[in-house]
Each structure stands twice: as C-alpha cells, then as structure tokens.
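*Asks:* I would like to see how this sequence folds:
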Amino acid sequence: MYLLKPLYFQLPVVTKHSLSHSILEKNSLNLATKSSKWHYCMQVHSHLDLSDYEVLTFFDTKYVKVIIIYVHTYVYYLLHALKIRRKALRNSKLIKQYLFKKETYREMAALLVKPRASEVLTAYLKQCNEPPWTSYFVKQADVVNDQFGKSHFNWPLDTGANYHILRTGCFPYLKYHCTKRPHQNLDIENLFFGLLKVLNLGIPTFFYGLSATALISHTEYVILKNKTIPIYFLYEEDKGSFH
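*Replies:* Prediction:
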C-alpha cells in the first residue's frame, strides 16, 4: 500500500485583485499531480468569489473516497492483529491448563526419569516367561545403574524362580548373563570377579563394550509401565532352549 499524502492543501494567500484564472488553474494542476498513485483533476470554477487575504482550500470528494479506503484498510489490519492476539491468548490458556494437570507432570517425569537396571532385568525375565538362560546388553544411558559393584549374585523373582546373574559394565553397555538356578551363596564369586576387574583397570571390559557395538545384530524391547527400553543381543535367542 502507498502512503496517502496530505489530503488537505492550502494555497498561497492571494487576493481577488491579483488572482487570475490562469494562476488558479496552474496551482490546481500542481496540487493534482502531487500524488504518484492517483491523479485527480481539479475543476476550476470561474465564479469563485474570494475576499481580501482569503485562504483557498481544496478538499475534493475523490479524496474522501481515498480516506475511506485507507481507514477501511487500517481497521482491517487492526482487527486482524487483534484476532491473532486473541488466538495466541487462547492457545496460551490451553497450554496453561495442560501444564497444570497432574497427568502432564507424570508424563514429563516418565520421559525424564530413567528406570533402574534391576527393573529392566525383572521385567525382561517375566516378559520372556522365565527362560532357562539369556544374555543381553542394555545401554547405560537408558537405565540407572542401581546394581553397581555387583558381578555375580542371585536374583529372585516374585514367582519363586531364582537366577544367577553375571553382570559387568562394558561402556557404553551393561552386560547381563542370566541362568535359572536354585539360590546359592555367591559372595566369594562376586568378590573374585570384582577384584579381577579392579586389577585389570576395567580395560578388557571397555574393549568388550566397544566390540559389542559392531557385533550386536538383534534388538528387543522391554515394556515397562511408563517406558519401553531397548536391549541388545549378539544374535537372536531361542527363549525356550537350554543351550
């Protein structure tokens, strides 16, 4: 849109004794050509009666139409801006209503809080209907390592079954080897494996984890209440097999 130039013009102060029709016509044409978008023609009337030092004004009806167009355009864009603002306020209210719901915070907490590695272990053994044995990797970034320091230990389920767990950290994974066996005292084995990892500074397990990233060929998912955690295998297992 082009900006509207002044719609109210004042001609120089003139008297009827020095004003001629030619000068009036010339001034009128100069005023009409000031607008680059619209050209309006003045009709000069020869019967103008000007008193001494009377100011001549020009306000054509076509300019009134232009004013109406500009006012209409201004009102339109103003209403459009108010509509956008009203829509934004409505959306902000909906966002506030969503954020103040308890379910929202539970969903956010489920996304931010990682499950414990022990929860994934229990859920996976139950999900597979308590297989005779299994061996899997889980990423350290996906779980909370709540079994840190444990290398060989018993893991009972609420169904009465018991598993012997061989566990080690091998960046970027945690490795679990589970065998279904009766409960035994594994304190000595756990201490031995722990000392062995300390003596070798964890270097073998570190390279084991790096090599596993290239050897892993199968992925399964453990379904928890609020999350689904991927676990990784070197090959796809037959869950009912003893070997």
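*Asks:* quick one: residue 121 from residue 134, how far?
*Replies:* Counting by C-beta to C-beta, to the nearest Å, the separation of residue 121 from residue 134 is 10 Å. Yep, even glycine has a C-beta here, placed from its N, CA and C like the rest.
*Asks:* So the two - more neighbours on which side?
*Replies:* Neighbours of residue 121 and residue 134, each counted by other C-beta atoms under 10 Å, are more numerous for residue 121; the result is 24 against 19.
*Asks:* Which residues are in contact with the more buried one?
*Replies:* Counting by C-beta atoms under 8 Å, 6 or more residues apart in numbering, residue 121 makes contact with 155, 165, 176, 178.
*Asks:* what's the most distant pair in those?
*Replies:* Using C-beta to C-beta, the contacts of residue 121 span at most 9.4 Å, a distance reached by 155 and 176.
*Asks:* Spell out which residues are contacts of both of these two.
*Replies:* Shared contacts of residue 155 and residue 176, defined by C-beta under 8 Å, 6+ apart, comprise 121, 165.
*Asks:* Compare these two and say which is more crowded by neighbours.
*Replies:* Using other C-beta under 10 Å, the more surrounded residue of residue 155 and residue 176 is residue 176, with 23 against 19.
*Asks:* re the thing from before, find the residues that touch each one of residue 121 and residue 134.
*Replies:* If you check residue 121 and residue 134 against C-beta under 8 Å, 6+ apart, the residues they both contact are 176, 178.
*Asks:* all helices for this protein, in order.
*Replies:* Remark: helices assigned in the chain by DSSP state H are 21-32, 61-99, 102-112, 117-127, 187-199, 203-215.
*Asks:* So which of the contacts of residue 121 is the closest to residue 75?
*Replies:* Closest approach between the contacts of residue 121 and residue 75, by C-beta to C-beta: residue 176, at 70.5 Å.
*Asks:* Confidence-wise, which helix or strand of the protein is lowest on average?
*Replies:* Lowest mean confidence among the helices and strands of the chain (mean pLDDT, DSSP states H and E): strand 9-10, at a mean of 40.
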